[in-house]
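A.B. asks: Could you work out the structure for the sequence below:
(chains A and B)
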Amino acid sequence: MTITQNNSRRPLRAAIVGSGNIGTDLMYKLHRNPNFQVVLVAGIDPASEGLARARELGINTSTDGVEGVFQGGSIDVVFEATSAKIHATNAPRYEAAGILAVDLTPAKVGPCVVPSVNLSVNKTANNYNLISCAAQATVPIVHAVSQVVPVSYAEIVATVSSKSIGPGTRHNIEEFTHTTSAALAEVGGAQRGKSLIIVNPANPPVLMRNTIYAVVGKDVDIDPIRASIHRMVADMQRFVPGYQLVVEPFLRDDHVMTTVEVTGAGDFLPKYAGNLDIINAAAVAVAERRLLN
Amino acid sequence: MAKITFVDVTLRDGNHTYRHQFTPDIVSRTAAALDAAGVDIIEVGHGDGLGGSTVHVGRAPVSDIELIKAATSVVKRAKVGILLLPGFGIFRDLEAAAEAGVTVARVASHSTEADTTEQHIQKARELGMFTVGYLVSAGMASPELLAEEAAKLESYGAQYVNLAESQGHLVPSEVAARVRAVRKAVSIPIGFHPHNNLGLAIGNILAAIDEGVTYIDGSLKGFGGGAGNAQTETVIAALKRAGHEVGTDLFGILDAAQTFADLVAPQPMPVIDNDSILMGYANVYGGYVHPVKHAAKQYNVDPRELIIRLGKRQVVAGQEDAVEDEAQKLARETLLKAA
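C.D. replies: Take a look at the predicted model:
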C-alpha cells in the first residue's frame, strides 16, 4: 500500500511497539510534540514501567505486542523499539496495513536514514531504519565535510556512558561496528568508514561524545569545511537541541578533526544518554519529514 | 613456588613506545630471539591490537597480517598471540589472524565492561584459539567489581583472565587484593600485566604470583604504553631468584633484549619521566603519554595540570580525543586567568 503525506491538520496517529527505555523516552517525545497523537504503546510485560507511564498519560496500552497496532486501526506511523527479529516479522504487516514504519532496531528492512542527510532522496519508502546512535551523531558531520571535499576515509569514535548502553548493544558490538562503519560511507559519503565505540563507566556519567576524523588530504582550505559543519550542526539542533560542537574543526596532517557532544533532552532517559536521545529524536524527525509538509 | 607461563608483549604493547611503527623486520628478528629464549607466548601487532591502526590512536605502516606473518613465519616453539578490542578489531580480523598462524587471542575491554567481549571471545573459541579475557585498567575497578567482571569472562568461554594494570597506579597490596577477589570468583587461571609508572611493575608481579597468578606479561627493555611494562629480562631474573618455575632462559632473554634494542636504535629506552609518574599517580591510562606531551606543547599548557584533569575526568583507554579537548579547555582557562 502506498503511504501518502498527511495534508490535513490533524496530528499523526502514532503507535510505539516496545515499552522499554527507548520506547518510553520516545513516548514522551511524541506526547509533547503537537504533530503527533500517541494512540498506543504496545509491550509484552504487563508490569513494565513504560506501560504504567503510558497509562498515566492516558495513552492506550496493550500487552500482546504488535497485535494491538492492527486492532484499533487508522494508525499513520509505528515506531518499533523491539528487536531486529521481531521487526523483521512485523514489517510486512505494517506495510500491508499502510502504516509507515520507523525502525529503531538493527533489522534494516528499509533504507538507512539520517534525517539531516538523506531523507530527501528516500522520500517514498514505507520503512526507515535508524542505523545506530553513533551513526545519527556522526554521519551528518562526515556528510558536511564530503559536501565540500572528497573524504577518502572517515573514522569516528563514540564515547558513551556505561549506564546508557544496554545489553542489546553490548552483545552485538560486531554488528554495531559494521552498521555504523557502513553508514559513514554509504550515507556520509566517505569512501571508507570505521567506527569505534568506547564505553566509559565514570560517575557522574559522561555525556555522549563523538570525535570525527575525515581524511581529506593535506592541501585543503578548512574555512568552507568549517562553514559546512556549522550549518549541519545548526540543522541538527533543530531536532536535537543538545547537539553541540565542543572541538572546533581543525586540520591536522591529512585530516579534519572535530568533536560533538550530545546532551539528551531528559524526556525519560537521563541527560547523559545523548546516544539514546539522538536516535529517538531522529526517529521523530523522520516521521515528521516523511508524513508532513 | 609457582609455575609461570610467560607472555612477552614487546611486539604489541611495545609498539606504543614506537608510535605503532614496528616493521616486519623488527618483528621477525625479535620474535625469533624471544622464541629461542623459550618465551611461551609472543604477542604481536599494533599497540591497540587488531584493527588498531587508526587516525585516532595512530596509523601503522604495515597491516596487522604482515606483522603477524613476520612472527609466525620464524617462531618454532612459542605460540603467537594477538590482542583484540571489540570494535577496533572485528571477526574478519580474527579469522585472518587465525589463518596466519595466530593461536592465542586476548579479547579486551575496560575493566568494568566485560560484557562487550562476549561475541569475540566466542568467535576466537570457534576458531580454535586459546582465548583470554583481558581487563584493561584493572586499577580503575574495585576488587569486588573486578571479580564480577572476571566471572563474566569465564562464563563467555575465556580460558584465563588477564588483569592489565594499564596505569601503573596500584601498589602491591592493592594488586594482591584484586587477585584474591578474582581468585574466589573464577576457576580459570589468572594473568597479570603491570605498567611501571611508579616503579612497581616487578614488585606487583611478585605480589600477584603470591596470590595465585600464573600468567605474567612483560616486554623487552620495558617497551610499552607510558612508563612501559615490566622489563621482560628483569622479570625472568627476578622470577628465578624468587624460586618460581619459568621456561625462559636467562642468557637467551638477555640476548633477545639486546637484539631488540639494536633493531629499534636510536629509539631511547622507556624511562619513568615526570609525566609518567603523574599518570601513574592520577590513574590515567599510560597510552596517553604521547598525546599528553603533544597537546601540552601545541596548546602551551602545563602537562601536569592536563594529566590531573584527565584523572578527575576518569577517562578510559581509547579516549585519546579527550586529551585534545581537555588541553584546549585548559588553554582557554589559562588565557582567561592571565587576562
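
A.B. asks: Only C-alpha atoms from now on, for both contacts and neighbour counts.
C.D. replies: Noted.

A.B. asks: for chain A, what are the nearby residues on chain B?
C.D. replies: B:54-56, B:86-88, B:90-91, B:110, B:112-113, B:115-119, B:313-316, B:318-319, B:321, B:325 (CA under 8 Å from any CA of the partner chain).

A.B. asks: redo that, cut-off 6 Å
C.D. replies: Within reach of chain A by CA under 6 Å from any CA of the partner chain, chain B has these residues: B:87, B:116, B:314.

A.B. asks: and the gap between the residue of chain A most remote from its centre and chain B?
C.D. replies: Distance from the C-alpha centroid of chain A peaks at residue A:219, with 34.1 Å (CA atoms, centre = their mean). Noted for residue A:219: a distance of 18 Å to chain B, by CA to the nearest CA, to the nearest Å.

A.B. asks: and what of residue A:100?
C.D. replies: 33 Å.

A.B. asks: hey, what's the nearest residue to that residue once chain neighbours are set aside bridged with?
C.D. replies: Once flanking residues are discounted, residue A:100 sits nearest to residue A:77: 4.6 Å by CA to CA, 6 or more residues apart in numbering or on different chains. The partner list for residue A:77 in beta bridges (DSSP bridges) reads residue A:14, residue A:100.

A.B. asks: right, and residue A:77 touches residue A:99 too?
C.D. replies: Yes - counting by CA atoms under 6 Å, residue A:77 does reach residue A:99; the two are 5.3 Å apart.

A.B. asks: what does stretch B:184-200 rub up against?
C.D. replies: B:147, B:151, B:160-166, B:168, B:201, B:213-217, B:227-229, B:276-277, B:280 (CA atoms under 6 Å, 6 or more residues apart in numbering or on different chains).

A.B. asks: For the residue of the stretch 51-200 of chain B found nearest chain A, give me its contacts.
C.D. replies: Closest approach between the stretch 51-200 of chain B and chain A, counting by CA to the nearest CA: residue B:116, at 4.7 Å. Applying CA under 6 Å, 6+ apart to residue B:116 gives the contacts A:170, A:171.

A.B. asks: Tell me how far it lies from residue B:274.
C.D. replies: From residue B:116 over to residue B:274 the distance is 34 Å, taken as CA to CA, to the nearest Å.

A.B. asks: so who does the residue in the stretch 151-293 of chain A positioned nearest to chain B touch?
C.D. replies: In the stretch 151-293 of chain A, the residue that lies nearest chain B is residue A:170 (4.7 Å; CA to the nearest CA). Shown in contact with residue A:170 (CA under 6 Å, 6+ apart): residue B:116.

A.B. asks: Report the residue ranges of every domain in chain A.
C.D. replies: Listed by automatic domain parsing, the domain ranges of chain A are A:12-109, A:133-272.

A.B. asks: And for residue 11, the neighbour number?
C.D. replies: Since no chain was named, I'll use chain A. For residue A:11, the neighbour count with other CA atoms under 10 Å in any protein chain shown is 15.

A.B. asks: that's the wrong chain, I meant chain B
C.D. replies: Neighbours of residue B:11 (other CA under 10 Å): 32.

A.B. asks: That one contacts residue B:47, doesn't it?
C.D. replies: No - under the criterion of CA under 6 Å, residue B:11 is not in contact with residue B:47, lying 8.2 Å apart.

A.B. asks: Would you map the strands across the stretch 1-150 of chain B?
C.D. replies: Secondary structure of the stretch 1-150 of chain B (DSSP state E, counting those that start in this stretch): strands at B:3-8, B:41-43, B:79-84, B:104-110, B:130-136.

A.B. asks: May I see those strands organised as CSV, with mean pLDDT added?
C.D. replies: Converted to CSV, the strands of the stretch 1-150 of chain B look like this (pLDDT from 0 to 100):
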stretch, mean pLDDT
strand B:3-8, 98
strand B:41-43, 98
strand B:79-84, 98
strand B:104-110, 98
strand B:130-136, 98
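
A.B. asks: and residue A:174, which of the ones you listed is closest to it?
C.D. replies: strand B:79-84 (12.2 Å; CA to CA).

A.B. asks: Residue 101 - nearest residue in space that isn't next to it in sequence?
C.D. replies: All of this is about chain A. Residue A:101's closest residue in space is residue A:127 (CA to CA, 6+ apart), at 4.6 Å.

A.B. asks: ah, I was thinking of chain B
C.D. replies: Residue B:101's closest residue in space is residue B:72 (CA to CA, 6+ apart), at 5.9 Å.

A.B. asks: Run a quick neighbour tally on the one you found.
C.D. replies: Around residue B:72 there are 24 other residues, counting by other CA under 10 Å.

A.B. asks: Contacts only, for residue B:283.
C.D. replies: B:167, B:169, B:311.

A.B. asks: ok, it to chain A distance?
C.D. replies: 13 Å.

A.B. asks: Tell me the spatial nearest neighbour of residue 206, not counting adjacent residues.
C.D. replies: I'll assume chain A. residue A:161 (5.3 Å).

A.B. asks: look at chain B instead
C.D. replies: Leaving aside its sequence neighbours, residue B:206 sits nearest to residue B:239 (CA to CA, 6+ apart; 7.8 Å).

A.B. asks: Check the one you found and give its pLDDT.
C.D. replies: We have a pLDDT of 98 for residue B:239.

A.B. asks: same question, the one 5 residues further on
C.D. replies: According to the prediction, residue B:244 has pLDDT 98.

A.B. asks: so residue A:95 is in which element?
C.D. replies: Using DSSP states H and E, residue A:95 sits within helix A:84-96.

A.B. asks: How far off centre is that helix?
C.D. replies: 19 Å (CA atoms, centre = their mean, to the nearest Å).

A.B. asks: Show me which residues of it are buried.
C.D. replies: Buried residues in helix A:84-96, counted by 16 or more other CA atoms under 10 Å in any protein chain shown: A:84, A:87, A:88, A:91, A:94, A:95.

A.B. asks: can you check stretch B:148-168 too?
C.D. replies: B:148-154, B:156-168.

A.B. asks: So which of those residues sit within strands?
C.D. replies: Cross-referencing the buried residues of stretch B:148-168 against strands under DSSP state E gives B:160, B:161, B:162, B:163, B:164, B:165.

A.B. asks: mind listing what the first one touches?
C.D. replies: Neighbouring residues of residue B:160 by CA under 6 Å, 6+ apart: B:132, B:188, B:189, B:190.

A.B. asks: what's the answer for the third one, then?
C.D. replies: By CA under 6 Å, 6+ apart, the residues touching residue B:162 are B:134, B:190, B:191, B:192.

A.B. asks: Quick check: the gap between residue A:116 and chain B.
C.D. replies: 25 Å.

A.B. asks: Tell me the secondary structure of that residue, please.
C.D. replies: Taking DSSP: H, G, I helix; E, B strand; the rest coil as the rule, one finds residue A:116 in the helix state.

A.B. asks: So what's the residue count around it?
C.D. replies: Residue A:116, neighbours per other CA under 10 Å, totals 21.

A.B. asks: Please give me every residue in contact with it.
C.D. replies: Per CA under 6 Å, 6+ apart, neighbours of residue A:116: none.

A.B. asks: switch to 8 Å and redo it
C.D. replies: By CA atoms under 8 Å, 6 or more residues apart in numbering or on different chains, residue A:116 lies in contact with A:140, A:232, A:235, A:236.
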